[in-house]
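**Student:** A predicted structure for the sequence below; I have some questions about it.
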There are 2 protein chains.
Amino acid sequence: MDPRYKPVISMVRLQKRLHAEDAKKSEGDATVAGWVKSVRAVGKLAFVILRDSSGTIQLTFKPDVKDFESVKNLTPESVIAATGDVVRGKVKSGENELVVKEWSVLSRSETPLPIDVWGNTPTGLDKRLDWRYLDLRSPKNLLVFRIQTAVEAAMREFWLKNGFIEIHSPKIMGSPSETGAELFEVEYFGRSGYLAQSPQFYKQMAMMAGFEKVFEIAPVFRANPSETSRHDTEYTSVDAEMSWLDSEEDVMAHEEKMIVHVLESVKKQFGSEIKEAFGVDVVVPETPFPRVTIKEAHKITGRAPAETHDFTDLDSEGEKLMGTHIQEKKKHEFVFLTEFPWAVRPFYTMRNEKNPAVTKSFDLLWKGLEITSGSQREHRYDVLLKQAAEKKMKMENVQFYLDFFRYGTPPHGGLGFGLTRFLMQMLGVKNVREVTFVPHDMKRLVP
Amino acid sequence: MDPRYKPVISMVRLQKRLHAEDAKKSEGDATVAGWVKSVRAVGKLAFVILRDSSGTIQLTFKPDVKDFESVKNLTPESVIAATGDVVRGKVKSGENELVVKEWSVLSRSETPLPIDVWGNTPTGLDKRLDWRYLDLRSPKNLLVFRIQTAVEAAMREFWLKNGFIEIHSPKIMGSPSETGAELFEVEYFGRSGYLAQSPQFYKQMAMMAGFEKVFEIAPVFRANPSETSRHDTEYTSVDAEMSWLDSEEDVMAHEEKMIVHVLESVKKQFGSEIKEAFGVDVVVPETPFPRVTIKEAHKITGRAPAETHDFTDLDSEGEKLMGTHIQEKKKHEFVFLTEFPWAVRPFYTMRNEKNPAVTKSFDLLWKGLEITSGSQREHRYDVLLKQAAEKKMKMENVQFYLDFFRYGTPPHGGLGFGLTRFLMQMLGVKNVREVTFVPHDMKRLVP
């Protein structure tokens, strides 16, 4: 063997080991490595169930194997490697097992474990998050992040096929973006910087740079003091922006195609695993998705008095009612809410030509939860200046952004959403922290 | 037409327009939209060179077109849309042009422009960055970000094919990571948070969670007071981590395969454009890349006195000399430097079993610049504790990280690099800001 490597057992390289599930299907010699799920001594033999990222395999130890006695003393979650013969299993499942010829302890786990990795003993979310890396060892949690990987891959695949450019915009900004509320401040060489709450201004800058179509998947930050199940202080924002729009309808048409592509891809790769682990079906939606004006949505849900229909967003109960309504009437999990009033949308949103009280904007609800906001943006410098003034923006904070509109601007628009919200709705999970790798909130900054 | 759309000219939707380069190859009717590069009046006619993300097309305006006189008053960089007939061009290039039937100004540019978008008048970098969105309009700058998109896509493609999981780790941390130097501090609900300098601790956490192989492409932050051409205060870090290593050699073998895949993909898509715009060839390297110990590298470059060979890194002049040496001796652009002394590597690096004065670590140089650092990590809790103490780490800062090692750890290692450094070396660009979308440094936080 190449002297640069230091094999832990025999002459078998760890990198050449088999995954547990592959080893069970192989014949002859095999090497596996992973975490000890359980140890059992039966008569003269000892059995270990070994777990890795693929699944589990039973290891059988006979008394003549080296260090046989210490097998029985292996603590749960210790890491071992073993090499031996794959033989027909005698266990009920009929799965093959590995009769160990040689083995090695790579890392011994302390005992007792602070949480039950296998979820047999219910543990509060807070404690599980204290030990997030142990919590993530459950196959269901690993599955979440395999699915997340596939979701992002499918989104990017869609965008690349459609000529989008990937951008990485600054996360420390020189002035508070948008509202100035819920901002994190950074000490920046003797002055104040602010953590970006969205890549909004910069993805629009890319349009003025002629990039035409861009996307970004990156962290955004909100100093959100609430501790609801839907909010983190930082999360992964998925953003797209595109030029040469005729209306916000182009953005909606783009988004529904993207979502169909993502759900087709996820269903194909993980449909049955999701059904088994989360009890939900991944449904590939029909296009076009239903579209309902926010005014109409208020009438349907009756969540606001008639006279204020034009001036409010739906509350979370209203979103749920709307989700149920669309499922019943249209047999659809998605609905675009459109024509949000100018009063509740940011200053950069384009207003409707015929009715300036409403904007060329939309939200997308999935199973009764808002998962996206989007709009056509105002690209005309003079109109944008008026809108900023009307919304009482502090001009010194947005001047650098307004400057983007002085030297030729294409009509454009886009959308943004939280990656974890998308996952929550896909998997029917109730708390965003369950689908966040390492969730942080107002109280939690560790690990 | 669908009443939801508001076409800017005739009944042609902007979303259905053709790119300039496609329009030139088409026949009959076509619609285009973009920025006015130049306007020329010749006899009774007016000509506009229109630019979009694909290239340029000549528009010919005859006196009978509506608003003919205002064509001549179009300011450079104004945005227009035009529809008409594609006809055989009479210009030297032989390219087709568009005889305009109808047109519309979408956005009029102010004049004069603050910088020369076409780079015919040299403008200092600082001024160009003040107007970055105009600076990015040059085709060469757009090309940089099309290439960046392709580089990232190829990396992810390689990782997905090899079973990696994509992670998004927290960017605000509860304690200073690693050294504590060059940290940005964030006011976090009455206490201090710190912007992540790397995803190091969290990508290792994923190994302890059993994710096995992960990658992340995300921003990292360094409160770096220097203003060299190689440093930003935030940049996009590309990170990978993998379990079940036999040595750091596994990480190097992984990286060289990844780089070959990326360069093959970029060469195929952009090889000739890169040659034309940047004057460099994209060379797909042979594997394995040359490997030289840092001790040997010091002997070769003579950058440090013999007695300290074991205890220093190469300085930037040394990196250049090493790059030249490898190109001459091995005809190779890349070289791995290995076996860095324990004194210059972080506490979590695994030491060499036979010689604990050196570590199982490496740097990768490309054309004489360090573009990656990597290593096998120390996964044994007791050894790691000793190493942290020996490096005088503040235990309260790293305790949450050390806790990751208590309940079963696989041998693992990984690598990290700055996306923009990779692009710099690929394109032969001298300043990292040229390949950064919106560069920020100690003095610059706007735009």
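**Tutor:** Ah, there it is.

**Student:** Can you report how many residues lie near A:Lys25?
**Tutor:** Neighbourhood size, A:Lys25 [other C-beta atoms under 10 Å in any protein chain shown]: 12. No exception for glycine: its C-beta is placed from N, CA and C like everyone else's.

**Student:** and if you look at the one 5 residues further on?
**Tutor:** For A:Ala30, the count of nearby residues is 22 (other C-beta under 10 Å).

**Student:** Please settle this for me: is it part of a helix?
**Tutor:** No: secondary structure of A:Ala30, determined by DSSP: H, G, I helix; E, B strand; the rest coil: strand, with no helix assignment.

**Student:** can you list contacts of stretch A:215-223?
**Tutor:** The contact list for stretch A:215-223 (C-beta atoms under 8 Å, 6 or more residues apart in numbering or on different chains) reads A:152, A:155-156, A:159, A:164-169, A:171, A:182-184, A:195-199, A:203, A:231-241, A:419, B:168, B:171-172, B:188-189, B:218-219.

**Student:** Chain A: helices as residue ranges?
**Tutor:** Assigned by DSSP state H, the helices in chain A fall at A:20-25, A:68-72, A:125-130, A:132-135, A:139-161, A:200-208, A:248-278, A:294-301, A:316-330, A:381-390, A:395-402, A:419-427.

**Student:** For those helices, give me TSV that also has distance to B:Asn96 and mean pLDDT.
**Tutor:** Listed next are those as TSV, based on distance: least, C-beta to C-beta, whole Å; pLDDT from 0 to 100:
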stretch	distance to B:Asn96	mean pLDDT
helix A:20-25	57	96
helix A:68-72	78	96
helix A:125-130	62	94
helix A:132-135	60	97
helix A:139-161	27	98
helix A:200-208	27	97
helix A:248-278	28	98
helix A:294-301	47	92
helix A:316-330	47	96
helix A:381-390	33	97
helix A:395-402	38	93
helix A:419-427	44	97
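
**Student:** residues in contact with the closest residue to A:Ala389 other than its chain neighbours?
**Tutor:** Counting by C-beta to C-beta, 6 or more residues apart in numbering or on different chains, A:Met395 is the residue found nearest to A:Ala389 once chain neighbours are left out, at 7.9 Å. The contact partners of A:Met395, by C-beta under 8 Å, 6+ apart, come to A:388-389, A:402.

**Student:** which among those end up buried?
**Tutor:** A:388, A:402 (16 or more other C-beta atoms under 10 Å in any protein chain shown).

**Student:** what's the closest of the contacts of A:Met395 to chain B?
**Tutor:** Among the contacts of A:Met395, A:Leu402 lies closest to chain B (C-beta to the nearest C-beta), at 10.9 Å.

**Student:** Now A:Gly374. Nearest residue, chain neighbours left out?
**Tutor:** The nearest residue in space to A:Gly374 (C-beta to C-beta, 6+ apart) is A:Leu415, at 3.2 Å.

**Student:** now A:Gly34: how far from chain B?
**Tutor:** 8 Å (C-beta to the nearest C-beta, to the nearest Å).

**Student:** Show me chain A divided up by domain.
**Tutor:** A:14-107, A:134-435 (automatic domain parsing).

**Student:** Of all those, which one is nearest B:Met322?
**Tutor:** Evaluated with C-beta to C-beta, these place domain A:14-107 nearest to B:Met322, the distance being 28.3 Å.

**Student:** Quick one: end-to-end length of the closest one, please.
**Tutor:** Taking C-alpha to C-alpha, to the nearest Å, domain A:14-107 runs 14 Å from one end to the other.

**Student:** for it, the distance to its chain's centre please.
**Tutor:** 34 Å (C-alpha atoms, centre = their mean, to the nearest Å).

**Student:** and what of stretch A:370-377?
**Tutor:** Using C-alpha atoms, centre = their mean, the offset of stretch A:370-377 from its chain centre is 18 Å.

**Student:** ok so, going back, tell me which of the helices of chain A lies nearest to B:Leu136.
**Tutor:** helix A:200-208 (7.9 Å).

**Student:** Tell me if the closest one is near chain B.
**Tutor:** Yes: if you take C-beta under 8 Å from any C-beta of the partner chain as the test, helix A:200-208 does meet chain B, through A:202, A:205-206, A:208.

**Student:** Same list, the residues you listed, but as a markdown table with neighbour count please.
**Tutor:** Listed next are the residues of helix A:200-208 next to chain B as a markdown table, based on neighbours: other C-beta atoms under 10 Å in any protein chain shown:
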| residue | neighbour count |
| --- | --- |
| A:Tyr202 | 27 |
| A:Met205 | 25 |
| A:Ala206 | 28 |
| A:Met208 | 26 |
